[in-house]
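*Asks:* structure for the following, please:
(3 chains)
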Amino acid sequence: MERFDAIVVGAGPAGSAAALTLARKGFSTLLVERGRSPGVKGMFGGRIYSWALHDLLPDWAKDCPVERYVVHENMAFLAEDTALTISFDSPKLGEGRSASFTALRAKFDSWLAKKAQEAGAVLVTGIRVDGLWQEDGRIRGVLVAPNDRVAADVVVIAEGATSVLTRSAGLKADLEPREVSIGVKETIELPAEAIQERFGLGDKEGAAFVFAGQASLGLRGGGFLYTNQSTISLGLVVSSEDLAREKVEIQDVQTRFRMHPAVQRWIRGGKVTEYSAHLVPELGAGMMPRLWGDGVLVAGDAAGFLINNGYTFRGVDLAIASGIAAGEAVEAARAAGGPRAANLQVYEKFLRSRNVLPDLERFRRAPLYMKNERLFDVYPRMLLEIAERLYTVDGSGKERLADIVLREAGAAEVPKWKLLLDLLQGARSM
Amino acid sequence: MSPADSNARPLRILVCIKQVPKAQELQVDPVTQTLKRVGVPSEINPPDANALEIALTLKDRHAAEVVVLSMGPTSFDESLERAVAMGADRAVLLTDRLLGGSDTVPTAYALSETIQKIGGYDLILTGEETTDASTGHVGPGIAGHLDLPQITYVSEVRIVDGTVRARRTAEDGTEWWQTAMPSLCTVNFGCNKPRSPTLTGKIRVKRGGVIAHWSCADVGIDPKKVGLLNSPTIVAKVDTIRLPPRAGHIFSGEPKETVRALLEALIRDRVIAP
Amino acid sequence: MTDGHGLEDKSHFRGVWVFLEGRAGHLRDVSTQLIGEGRRLADLRGTPLTGILPGKGVDALAEQAIGYGLDRVIVVDDPILEIYRSRPYAQVMAQLIRRHKPEIVLFGASKNGRDLGGRLHAILETGLAADCVKFDIDAEGNLDMIRPSFGGKSLAHILCKKHRPQMASVRRNVFVAPPHNPERRGEIVREVVELSPQDADATLLEFEEFTKEGGLRPEEADIVVSGGYGLADPKNFALLQELADRLGGAIAASRKAVDSGWVPKTLQVGQTGMTVRPKLYIAVGISGAVQHLAGMQEAEKILVINIDPKAPLFEIADYGIVGDLFEIVPELVRQLDALKGGDASDRRAVPAEAR
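*Replies:* Down below sits the predicted model:
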């Protein structure tokens, strides 16, 4: 039988980061991916915050398949056919630890998995791990078929949001619908020159948008748009509970979103070449699964390491950081006598030092805040009404801004104290 | 008791495979009039995959050693790796520029020499034919070279008391044949469902050392007996088929009416008797 | 085991041979069809046409074979040759070829014909072209062996210039058998080839004849009703059988239907199955991959029933119905019954002579 010190299930950002860390520390490491190649089955919005990559591979920028560095940040509130956009431009956005960039998963994941291989990990693709091989209450390796098992001292589960193995290891309860959002994404083809001209971008520069309000038809959630080299990623994340309650199909929401004039102007003339949908577990720190057991750790999406606070969608950075932390935890556990649960508990410490848990906790109110429907429906509408009045000159006389705001709040039937509370809550969450 | 149970040496089964363009991807280069092979997805010749499945089933039952053998460019490693990932123990690729353009006579000769070099074999399996050339000549050709018993067009192979028993599909019925070992069987396309690669098998491939590359010199193949120039046949030219024009009376609409119109036409044209 | 025949001997090779296969006292029709084409080639080359008939007690068969147009038959009579076995048959052929040096040897592309040809061409180290559909003689007197290639999309001309004999196999129903002339006289030559009991290196343990469902094999039927993936379920082949019964035809299938395990492989038409050339080929729920065309495009008339008007097979259809086969086929059965007042059992293809 084949055996390794460690097996990592899933060659996404979390799995490859874990495998790379483990291999560097001298563990014989197997990295198993169910897709034909890494990233084929992966889905994400389209943007990666680079800080964790800095920690893993300091010279990542040399050959990382970056599409564009984001230097234009935009937040847009949409009503029926109007939009209010707040933009923030800074060339510095694209530099240093705080840089973020757009990427395509097929290329990015393959690149990162290759780094893990170069460090000595064995990558096997096209194999779906069927279960964990458990004996005497501890994990002995992984199972693909009754006659096809591979032994290991420790298994790092980085299987993504489906988290089948996580559950089978008894580390996670089944997700409740209200904890799940549905993400959809279209890839729209446009020539690089057209993208650069439309968004006012340089060669390697990119733009990012988040959309609120009518983007999700007022349902909890929001839209995003990222520019790649010669494609645009356009998508939505919407509460599955709201979709079910309103009996709306996510595809219809996406179609309406795509047709909005404030979206159309960016993607006009482009050709949709890809469409994908997947589950986004909307977990705060309070809802995280148990992250370790005897001979097993959970990292990345499978662990619920996602932040969606309405203006940033983060996942890949937390995945990479948690992968590094998992590798560090396995090493520390070995020094302490082996990967028993008691020794793997150190994972939590590394998740803190790697800034995964602190960030999640800092934003832990975000999921609750996101549940406030006023943020997605009432306030965007209010803002737009205000903007429309501010910018409409028809000779009927101009009001003062404060009067407009207070009257619109009244029209929206939001008590002033609620408005104040939401603002405070929002400020705390962000 | 099979020999595998009674002898110290495990049974050795050789499977000859070829890598072919995927069936759906068969494309003819309009300029050269030959099969496009570059940039076209490839697979193990499907009947060869059925032969491999039979070998692996025998391996499961008799703890046999399965060695896969092919002749072609190093891009064939892809299929040999797949064969090992499915469960074969190791693979040999006979690869040499001298072999380019060989027809079935040098191919059968070169594979026979390679089989001799591997040695110690009890059973040789091949697919009934390849999907790209469709001759079915190489399997029996190897048996002819090596002077082995052959059973062609088999769907099932058993090893019983040190003999090979195989179920052959002939024109008029099913035959069960028995031969001594070693012998050669060619396997019917579609007679079983080839298994998927395993994790264990893929790890073995990744660890390396499972595929040996041999040249003509390594095997002792006479360069004057292989290659395009030493092949008895040549493809002088290739014509595109022009099908005879057909009448093309196509009916559509309500079933009763279309069927009535069709029968009238068939009877009018004297295709069926009124 | 092998010996080549280089260019220097080429002129010593003369005559056209056909390998004859019999079954139950009759020549297989692929053999009679071969005799017809062999006759044409022998006349073109101005050489005699010889049939080779290994077996046991096959004199009557040899007499019968001459009636199809042979000049002589070489009979090798030996108990070992009673049933077809690869090694002794290959030995017989190899020794006879070395002895007589024929210029051309033709085989039926039957299971046994291919089994024999493949083994023999490696022993003799000479060229063998599989599944030929046409022959010509080129300007230098070589046999131009024409066979489908690339899944039937094109025809390749194969030449064997330096080696003799030039060997080829031919599928059943590609050529038309000549009429049998019982008056025709030819020579029957008995030859002895040394064989020992050890040459029978394979033992036939069991033989189970295919049961002939519906009474007819597709290769023999004037009307073939063939089903594809569109039938969706194996039990729907009963529908086709009903139609075939009304027309006195046989049922067959596409590779997809066979691969799905709905019907036995023995009913498969196409590149990896059989070739049929009936008077009417009815394709039901078959879209028409090129590999399928290779097995049926020689049919005299083609009728296509498919719900998809874009199905490629419509392009070569003489007749077609675009519609749901589950409505069309039963309706066809009903109307055929109505035509004959419920007794339509003898509605068959019109014989060629009557047209």
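
*Asks:* how near is C:Ala250 to chain B?
*Replies:* 15 Å (Cβ to the nearest Cβ, to the nearest Å). For every residue, glycine as well, the C-beta is placed using N, CA and C.

*Asks:* chain B: helices as residue ranges?
*Replies:* If DSSP state H is used as the criterion, the helices of chain B fall at B:3-6, B:46-62, B:77-86, B:104-118, B:138-146, B:199-207, B:216-219, B:255-268.

*Asks:* which parts of the third one are buried?
*Replies:* Put plainly, it is helix B:77-86. B:77, B:79-86 (16 or more other Cβ atoms under 10 Å in any protein chain shown).

*Asks:* C:Pro148 against C:Ala294, yeah?
*Replies:* Yes - between C:Pro148 and C:Ala294 there is a contact under Cβ atoms under 8 Å: 5.7 Å.

*Asks:* identify the contacts common to those two.
*Replies:* Listed as contacting both C:Pro148 and C:Ala294 by Cβ atoms under 8 Å, 6 or more residues apart in numbering or on different chains are C:Gln271.

*Asks:* looking at chain C, which helix or strand is least sure?
*Replies:* Lowest by mean pLDDT, DSSP states H and E among the helices and strands of chain C is helix C:290-296, with a mean of 82.

*Asks:* mind listing the strands the next helix-or-strand element following it pairs with, and their directions?
*Replies:* Once helix C:290-296 ends, the next helix or strand along the chain (criterion: DSSP states H and E) is strand C:301-306. Strand pairing for strand C:301-306, using DSSP bridges, gives strand C:280-284 (parallel), strand C:319-322 (parallel).

*Asks:* which helix runs longest in the chain?
*Replies:* With no chain named, the answer covers chain A. Longest helix in chain A, counting by DSSP H: helix A:316-335.

*Asks:* looking at chain C here, not the other one
*Replies:* helix C:29-45.

*Asks:* before we move on, the earlier item: most tightly packed of the strands paired with strand C:301-306?
*Replies:* Comparing those by mean neighbour count (mean count of other Cβ atoms under 10 Å in any protein chain shown), strand C:280-284 ranks first with a mean of 28.

*Asks:* who's in contact with that one?
*Replies:* Counting by Cβ under 8 Å, 6+ apart, strand C:280-284 makes contact with B:266, B:271-272, C:222-228, C:230-231, C:240, C:243, C:247, C:249, C:254, C:296, C:299-306, C:313, C:325, C:329, C:349, all of which sit outside it.

*Asks:* where's that strand relative to the chain centroid, distance-wise?
*Replies:* 20 Å (Cα atoms, centre = their mean, to the nearest Å).

*Asks:* what sits against the residue most central in space within chain C?
*Replies:* In chain C, the residue lying closest to the centroid (Cα atoms, centre = their mean) is C:Arg172, at 1.3 Å. Each residue near C:Arg172 by Cβ under 8 Å, 6+ apart is listed here: C:28-30, C:33, C:108-110, C:219, C:274-275.

*Asks:* please state the offset of the helix or strand just after the longest helix of chain A from the chain centre?
*Replies:* Once the chain leaves helix A:316-335, the next helix or strand it forms, by DSSP H and E, is helix A:341-344. Relative to its chain's centre, helix A:341-344 lies at 28 Å (Cα atoms, centre = their mean).

*Asks:* which strands and helices sit next to helix A:341-344?
*Replies:* Packing contacts for helix A:341-344, counted by 3 or more Cβ pairs under 8 Å, 6 or more residues apart in numbering or on different chains; DSSP states H and E, involve strand A:292-293, helix A:316-335.

*Asks:* nearest to chain B, out of these?
*Replies:* For these, proximity to chain B was assessed by Cβ to the nearest Cβ; helix A:316-335 is nearest, at 19.8 Å.

*Asks:* helices or strands up against that closest one?
*Replies:* helix A:13-24, strand A:47-49, helix A:51-56, strand A:148-157, strand A:296-298, helix A:341-344, helix A:346-353, helix A:356-362.

*Asks:* 6 Å instead?
*Replies:* helix A:13-24, helix A:51-56, helix A:341-344, helix A:346-353, helix A:356-362 (3 or more Cβ pairs under 6 Å, 6 or more residues apart in numbering or on different chains; DSSP states H and E).

*Asks:* this completes my enquiry, with thanks.
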